[in-house]
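Engineer: Provide a 3D model corresponding to the input given below.
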Amino acid sequence: MANGMDTVVQQNGGSTLGQTSQEESKTNLIVNYLPQSMTQDEIRSLFSSIGEVESCKLIRDKLTGQSLGYGFVNYHRPEDAEKAINTLNGLRLQNKTIKVSYARPSSEAIKGANLYVSGLPKNMTQQDLENLFNPYGRIITSRILCDNITVRQFVLGGGDNLPGT
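Structural biologist: Numbering: from 1, shown residues only. Next comes the predicted model:
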């Protein structure tokens with residue numbers, strides 16, 4: 001992409017951890033806004049306090065191994081997933097307030113729906129980027145993510161599975 005920006009399209013594949021039926025999708029949760037220091041074992045432990053966890057996955061950057069601030073928790077029973085949403089959504093952990101909701105089932109229709117752009121100029125605003133990407137399609141939600149050092153990323157996407165850090 002122009003302006004020295006790197007574009008990475010990340011597909012939502014795997015977000016349902018192998019589930020296929022509508023009943024099963026009511027057991028799979030996405031957890032957004034996790035503290036960077038939180039480990040997968042700590043997430044599993046927190047969610048296991050609600051009910052039996054079938055699987056837990058903290059999503060990490062493939063190059064650095066650092067947490068991307070979101071993950072998936074899959075329960076055995078739909079009622080445990082619902083209880084986890086009611087109990088843990090909005091919980092304050094360290095400097096973050098987590099968001100717990102049902103994960104969307106993976107499908108061909110939504111694969112590639114989120115676009116991550118890194119290497120943005122420091123003076124580029126969110127409006128500048130939205131103006132740049134608007135000609136290519138409707139932007140459902142957007143957000144510039146910044147760390148305390150150098151990284152700036154622009155996220156284009158939508159729905160409840162939009163990861164946050």
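Engineer: helix or strand right after the longest helix seen in the chain?
Structural biologist: Identified as the longest helix of the chain according to DSSP state H is helix 78-88. Where DSSP states H and E defines the elements, the next helix or strand beyond helix 78-88 is strand 92-93.
Engineer: And the next helix or strand past that following strand?
Structural biologist: strand 96-97.
Engineer: what does that next one rub up against?
Structural biologist: With contacts defined as CB atoms under 8 Å, 6 or more residues apart in numbering, strand 96-97 is touched by Y33, L34, P35, G69, G90, L91. Backbone N, C-alpha and C define where each C-beta goes, glycine included.
Engineer: cool, stretch 78-94 as well?
Structural biologist: The contact list for stretch 78-94 (CB under 8 Å, 6+ apart) reads 23, 26-29, 31, 34-35, 37-38, 46-47, 50-52, 73, 75, 97-102.
Engineer: Neighbour-wise, give me the winner out of the contacts of strand 96-97.
Structural biologist: For the contacts of strand 96-97, neighbours were counted using other CB atoms under 10 Å, and L34 has the most, 26 neighbours in all.
Engineer: what helix or strand is it on?
Structural biologist: Counting by DSSP H and E, there is no helix or strand that carries L34.
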